[in-house]
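Peer 1: can you look at this prediction? I've put the sequence above it.
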Amino acid sequence: MTPIFKAATLAVVTAFVPALATATDIRFTLGWKTQGSDAPFLLALSNGYFAEEGLNVTIDQGEGSAATVTRIMGGAYDAGFGDINAIIQNAAQRPGEAPVMVYQLWNRPPFAIVTPKSAGIETPADFEGKTLGGAQGTPTTRLFPVFAEMNGIDISTISQESMAPNLQEPMLIRGDIDGAFVFTITSWFNLIANRQNPAEDFNWFQFEDYGMDLYSNGLMVSRGLIADKPEAVAGLVRAVNRATLEVATNQEAAMDAIMAFDNLVDRENERARLNFALTNLMNAPETDEIGMGDLVDERLARSIEIVAQGYDLERLPEASEIFDRSFLPPVEARSFIVEISD
């Protein structure tokens, strides 16, 4: 009986070989150079979660969270980690072409104005008469006029200087500007690299605390992938969700996956950046009710209005054009509990 059983088993395995050989190829772009906040995608890759879903995912470094959108629209990539606000901009201008967010990761925005405490800026009104600087085109810079309007700031009294992103913190430290339009998850660590203490020596005016109720980065996919291979999108979301929940409780495994992808990164620095993302960008109170990966439609609608005002968009996309929750696992499978290990 044993030889017959083995033969039967071999026949079953052989029957599945063609299916296993037809994995769906997905070209994936990160939002920037390899960082700790990329852990959900790199852990899913390293641990074989994508492969278990029948996906052959190739991951490349990015050129900016907004560039993820244009990379996907250009056809070079099928999916990526990028900013939902860039989807809103492109969906308004090119309906039906922009990618769609299918798993929201950063449910709190990293947009902020950072000022040295020595500048004496304690409230938004204190920005009047000061000099602020930032890179052109970034959400923080473009949305500042909306921030100013919401908080009763006379923007005509403020001098704004344009500069390359890598000059913001050095100019802030030298006193060339009184505040900088930044991404918290980037600027915090740039200040540390410049031997500054971002927690004790700087004030952070985070947009979400001043009426700018925005979402930010997450997993987005092309409309073509949704139309042609919806089962692949569902598998991609399941793998990322599985890895995200694991990252929240096991940062060592997350960092092992990051180092396996790019052994040139500073492990401790990127571990700190991962923890920053977990505790400052991925922990909105709404996740207790709706789970990680989802968002609140009414909040998204408000954020669309804010982005439209900041970018002078002539058309307001519907929330359904920006986000598609139909690929999400059940809410009970997306319970997000962060445990920061020492």
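Peer 2: Happy to help now that I have it. Residues are numbered from 1 along each chain as shown.
Peer 1: just list the residues touching residue 327, thanks.
Peer 2: Going by CB atoms under 8 Å, 6 or more residues apart in numbering, residue 327 touches 102-103, 230, 233-234, 236-237. For every residue, glycine as well, the C-beta is placed using N, CA and C.
Peer 1: hmm, try it at 7 Å
Peer 2: By CB atoms under 7 Å, 6 or more residues apart in numbering, the contact list for residue 327 reads 102, 233-234, 237.
Peer 1: among those residues, which one sits closest to residue 173?
Peer 2: Taking CB to CB as the measure, residue 173 sits nearest to residue 102 out of those, at 39.8 Å.
Peer 1: can you list phi and psi of the closest one for me?
Peer 2: Dihedral angles of residue 102 (phi, psi; degrees, to the nearest 10) stand at phi -120, psi -10.
Peer 1: so for stretch 143-160, mean pLDDT?
Peer 2: Taken as a whole, stretch 143-160 has an average pLDDT of 97.
Peer 1: can you get me the start-to-end distance on it?
Peer 2: 13 Å (CA to CA, to the nearest Å).
Peer 1: now that stretch, how far from the chain's geometric center?
Peer 2: Computed by CA atoms, centre = their mean, to the nearest Å, the chain-centroid distance of stretch 143-160 equals 26 Å.
Peer 1: and what of stretch 296-316?
Peer 2: Between the centre of stretch 296-316 and the centre of its chain there are 18 Å (CA atoms, centre = their mean).
Peer 1: repeat that for stretch 132-152.
Peer 2: Taking CA atoms, centre = their mean, one finds stretch 132-152 lying 20 Å from the centre of the chain it belongs to.
Peer 1: one more: stretch 118-127?
Peer 2: Centre-to-centre, stretch 118-127 and its host chain are 29 Å apart (CA atoms, centre = their mean).
Peer 1: what's the answer for stretch 240-258, then?
Peer 2: 15 Å.
Peer 1: output the below-cut-off pLDDT ranges for the chain.
Peer 2: Across the chain, the ranges flagged by pLDDT under 70 are 1-21, 342.
Peer 1: surely residue 180 is in a strand?
Peer 2: Yes. The assignment for residue 180, made by DSSP: H, G, I helix; E, B strand; the rest coil, places it in a strand.
Peer 1: list the contacts of it.
Peer 2: Residues in contact with residue 180, defined by CB under 7 Å, 6+ apart, are 113-114, 132-134, 168-169, 172, 187.
Peer 1: repeat the analysis, applying 6 Å as the threshold.
Peer 2: Counting by CB atoms under 6 Å, 6 or more residues apart in numbering, residue 180 makes contact with 114, 133-134, 168, 172.
Peer 1: likewise for residue 135?
Peer 2: residue 165.
Peer 1: can you rerun that using 7 Å?
Peer 2: For residue 135, counting by CB under 7 Å, 6+ apart, the contacting residues are 141, 163-165.
Peer 1: then residue 234?
Peer 2: By CB under 7 Å, 6+ apart, the contact list for residue 234 reads residue 327.
Peer 1: quick one: it from residue 88, how far?
Peer 2: 24 Å (CB to CB, to the nearest Å).
Peer 1: and if you look at residue 202?
Peer 2: As judged by CB to CB, residue 202 and residue 88 stand 29 Å apart.
Peer 1: between these two, which one's more packed in?
Peer 2: A side-by-side neighbour count of residue 202 and residue 88, using other CB atoms under 10 Å, places residue 88 first with 29 against 22.
Peer 1: quick check, the more buried one in a helix?
Peer 2: Yes. The assignment for residue 88 is a helix, going by three-state DSSP.
Peer 1: which SSE is residue 204 in?
Peer 2: Using DSSP states H and E, residue 204 sits in strand 202-206.
Peer 1: er, residue 148 actually
Peer 2: In this assignment (DSSP H and E), residue 148 forms part of helix 139-150.
Peer 1: give me the contact list for that helix.
Peer 2: The contact list for helix 139-150, computed with CB under 7 Å, 6+ apart, reads 83, 85, 111-112, 134-135, 155, 181-183, 207, 210-212, 306, 309-311.
Peer 1: for stretch 289-306, same thing?
Peer 2: 88, 103-104, 107, 143, 146, 212-215, 241, 244, 286, 316-317, 319, 322-323, 325, 328, 331, 334-336.
Peer 1: now those: which count as buried?
Peer 2: Using 16 or more other CB atoms under 10 Å as the burial test, the contacts of stretch 289-306 include 88, 103-104, 107, 143, 146, 212-215, 241, 244, 316-317, 319, 322-323, 325, 328, 334, 336 as buried.
Peer 1: tell me the domain ranges of this structure?
Peer 2: 2-108+215-334, 111-210 (automatic domain parsing).
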